[in-house]
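**Q** build me a structure from this.
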Amino acid sequence: MRELRLNGKTVKVEAENGTPLLWVIRDELKLTGTKFGCGVAACGACTVHLDGEPTRSCQTYVEDLDGVEITTIEAISGDQVGAAVQQAWTELDVVQCGYCQSGQIMSAVGLLTSNPSPTAEEIDTHMWGNACRCATYQRIRAGVQRAAEILEA
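**A** Coordinates of the predicted model:
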């Protein structure tokens with residue numbers, strides 16, 4: 001048994017060393033917003049925040065998380081930046097199939113937290129590595145730009 005800090009609460013999980021955080025989140029804790037995409041940290045579908053930094057949970061192991069605050073898509077609306085990103089996504093109808101969107105949102109929140117007024121190029125650079133099979137990259141970029149506008153207001 002080990003304790004993790006997840007979405008502002010301490011949770012107890014039964015996970016052996018070498019278990020990816022993604023499987024703990026989805027299988028043990030039943031939070032299914034974080035998606036399995038590739039398993040090799042290349043697509044971004046499994047992105048969560050570790051101490052505020054976007055991180056691929058499929059390649060993050062439970063034994064490396066002592067004292068780390070884990071935030072999943074389920075808790076992102078409690079943050080001002082997260083709420084702005086979700087509002088922008090809804091306003092602009094960014095989502096097509098939606099499978100990659102929790103990872104896209106988690107990465108966008110990470111960007112806007114560190115850079116509240118990114119250029120289109122900075123958005124593209126930061127969001128690179130978050131794959132979208134529907135190719136809604138233009139709408140994702142517009143969503144990040146809209147969220148920045150919401151935060152400025």
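
**Q** and residue 37, what element?
**A** Using DSSP states H and E, no element contains residue 37; it sits outside every helix and strand.

**Q** so it touches residue 103, yeah?
**A** Yes - between residue 37 and residue 103 there is a contact at 7.4 Å, judged by Cβ atoms under 8 Å. C-beta: built from backbone N, CA, C; applies to glycine.

**Q** looking at those two, which one has more neighbours?
**A** Counted by other Cβ atoms under 10 Å, residue 37 and residue 103 do not tie: residue 103 has more neighbours, with 28 against 21.

**Q** off-centre distance for stretch 130-141?
**A** For stretch 130-141, the distance between its averaged C-alpha position and the chain's averaged C-alpha position is 15 Å (Cα atoms, centre = their mean, to the nearest Å).

**Q** contact partners of that stretch?
**A** Around stretch 130-141, the neighbours that count as contacts under Cβ atoms under 8 Å, 6 or more residues apart in numbering are 37-38, 42-45, 47, 92-97, 99-100, 103-104, 107-108, 120, 123-124, 127.

**Q** which of these fall in strands?
**A** Per DSSP state E, strands hold the following members of those: residue 47.

**Q** of the contacts of stretch 130-141, grab the buried ones for ChimeraX.
**A** Only the buried members of the contacts of stretch 130-141 enter the following ChimeraX selection, criterion being 16 or more other Cβ atoms under 10 Å:
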select :37,43,44,45,47,94,95,99,100,103,104,107,108,123,127
